[in-house]
Every structure is written in C-alpha cells, then in structure tokens.
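Colleague: Coordinates for the following, if possible.
(one chain, ligands or ions: 2)
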Amino acid sequence: MQMNKPRSLVTDKDFTKQEILTIFDRAKKVKAEVKSGKFVPYLANKTLGMIFEKSSTRTRVSFEVGMYQLGGTALFLSSKDIQLGRGETIEDTARVLSRYLDIIMARTFEHSKVEDLAKHGNIPIINGLTDLLHPCQALTDYYTAYEKGKKLEGLNFVYLGDGNNMAHSLMLTGAILGCNVVICSPKGMDPDAAVVKDAKALASKSGGSVNVIEDPREACKNADVIYTDVWASMGQEADFHAKEKILRPYQVNKALFSLAKKDAFFMHCLPAHRGEEVTTDVIDGPNSVIFDEAENRLHVQKSIILFLMGK
Ligand code: CP
Ligand code: NVA
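Modeller: Ligands and ions are numbered 1, 2, ... in the order given. I've put the predicted structure just below:
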C-alpha cells in the first residue's frame, strides 16, 4: 500500500510564503528558547540522518547541534562510508533509511539525487545543498534580514557573482517572499534559465520582481542587501582560473558597496575567500551580518525540521 508522502524541502518552491513566515516565527521562538536555557525535547527519540557527498562546516554542525537542541539525535553519513558510494541505488538507500530514520538531510552533487531520495523514501527529505540549489541557506538569509528589521516585501536583494546554486535559491525564495531580487552575473555565468523562469513566475504572484543583469554598479544602486558567494563552487574548482578574471569586476568592494543604501547588509553564505569575491573591509566591516547568518542556520533549520515533522 502506498503511504502518503510526507512533506520535504527539495527545492525552494516547496514552501509557500505563508509557510515560510510560519517557519520564521517558529525559528524566532526556538532561538529564544535555547538562548534562555530552556530545553524542550520536541524530537525525543527522533533521528536525523545526514548524507554528505561534499564537505561542510555549517550545514553539518548546525543540523547535528540542532537535533540535540530539539531532544533528538543526528547521524553523519558520509557517502564515502555508506554503500551509496559503492553503487547501491538511491532507491534502495531511501527505502532502507526510511525504516531506521525519521528525517534525512542530504548534500549531493546532482540535484536529482535529492529528488530521488524524496521520491523513494517515506520520510521528509531536506536539501542540504546540491549543484542546483541551497534552500536552507536562502531561507536563513531572508530570515536574518527579517529578524534584523528589514521588510521582506519590496526588499532590494542583490546577488553578485557566479550564477550558481546560491543565486538560484536566493532568487526563488526571494521571489516567493515578494522581494526585488537582482542577480548580477557576467555572460556565460548567468543563472539557469529554467530557474529564472520559475522565479519570475513566482515574483509575478507575490508582487516582487526578478531581474538578471550584467552591470555590477547598476545592480548595487539602492540595494538593501548585497550578497556574494565563492567564484568556484564545490566540485567546480577546476574552472576557477578561467572564471577569476571575468568575475573580478563583480568583487564586492567598498566602492561597489557604497552604492547601496546606507544601512544595507553585506551577506555571504560562507565559506568566503577574502580578496576574491569580497574585500576584507566589506566582509569584516560594520554592515556585514555573515556570522548572524551562520548562527541562524541552526535555528531556521530546527524550525524547518519541526515543520516537516508536523511538530
Ligand atoms: N553555507 C554552507 O552551507 O556552509 P557549509 O558548506 O560549511 O555547510
Ligand atoms: N556555491 C557554494 C556554496 C557553499 C555553501 C558551493 O556550492 O560550493
């Protein structure tokens, strides 16, 4: 008998604006609880499995600590150590792990692997980054802007650099939330056309906007948030030298950042390469909120887990 599929977070499109706002409210609540020393075992006896095909500092530690803070447990499953890395199918892996675990987070190269885990498993799946998307990070970044007093509707959110997984998720989540998202990338490194199309459709419903442009000075004018990411994502390191020269004009430096609003935030998902996509004076300057973003991964993801588990 086919069981009803539980909700998953495979793509940013999986949550509505109302659901995201509910997740933000809960994130604020669980953050306040842990800050005040209150321990509520919402997920006693529950286990999260964390499948990693790529490296991670923030995602691994924030999911693992998050489960402890919710009274549950987390298991680190490197794809090098489990049979998935030796050719066991995603289908069998998903079906077996669904018998042991209550929820899975997976970081993979191909986006289709996370889709297939959700398709074949019977427990919620959370995308912990794929070559296409990084929804947990994007949700956390908009939460961080919101928590710090920015109004999401009409927020001028500018991303500069490689049109990568971060650009895609920021575009989709921003479009759902009614933000004005600008992705500023050089020709040949622009974001995926299908994702842009989806984001534009979402923006037309929410009252936001999505624009892909090439001129960094034009992009930064009047920005509320300026965001950047590494020039070579995980698995694409071989392209770095070819991309470096082309991306240099997209470096977030003081001159570009000064075109934004006075109270604009600088954001970065981290890890960062100072002197490449961003200068030290900006990333370590007074408008940078990078460590708040990093911390909030913990609280937003706890809220996502509770939401997906119906708690
Ligand atoms: N931002 C982010 O996902 O960081 P990690 O690669 O360290 O998990
Ligand atoms: N675009 C980066 C994000 C890291 C969190 C990467 O995929 O490596």
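
Colleague: Now do the contacts for the most centrally placed residue in the chain.
Modeller: Most central residue of the chain, judged by C-alpha distance to the mean C-alpha position with Cα atoms, centre = their mean, is Gln137 at 2.2 Å. Going by Cβ atoms under 8 Å, 6 or more residues apart in numbering, Gln137 touches 129, 166, 169, 269, 293, 297. Using the backbone N, CA and C atoms, a C-beta is placed for each residue, glycine as well.

Colleague: Also Lys187?
Modeller: Glu214.

Colleague: Distance-wise, check it relative to ligand 1.
Modeller: Computed as Cβ to the nearest ligand atom, to the nearest Å, the Lys187 to ligand 1 distance reads 27 Å.

Colleague: Model confidence for that residue, exactly?
Modeller: We have a pLDDT of 96 for Lys187.

Colleague: In which helix or strand does it reside?
Modeller: Taking DSSP states H and E as the definition, one finds Lys187 inside no helix or strand.

Colleague: The closest residue in space to Pro186 that isn't next to it in sequence: which element?
Modeller: Leaving aside its sequence neighbours, Pro186 sits nearest to Ile246 (Cβ to Cβ, 6 or more residues apart in numbering; 5.0 Å). Using DSSP H and E, Ile246 sits within helix 240-247.

Colleague: what's around Gly188, how many residues?
Modeller: 9 (other Cβ atoms under 10 Å).

Colleague: Please tell me I have it right and it contacts Lys243.
Modeller: No. Applying Cβ atoms under 8 Å as the test, Gly188 and Lys243 come out as separate, 9.0 Å apart.

Colleague: ok, back up a step: taking the mean pLDDT, what do you get for the host helix or strand of the residue nearest to the centre of the chain?
Modeller: Gln137 belongs to helix 135-147 when assigned by DSSP H and E. Mean per-residue pLDDT for helix 135-147: 99.

Colleague: heading toward the C-terminus, what's the first helix or strand past it?
Modeller: Downstream of helix 135-147 (by DSSP H and E), the next one is strand 156-160.

Colleague: List the contacts of that next one.
Modeller: In contact with strand 156-160 (Cβ under 8 Å, 6+ apart) are residues 142, 145, 166-167, 170-171, 174, 179-185, 216, 219-220, 222-229, 250, 252, 256, 260-261, 277.
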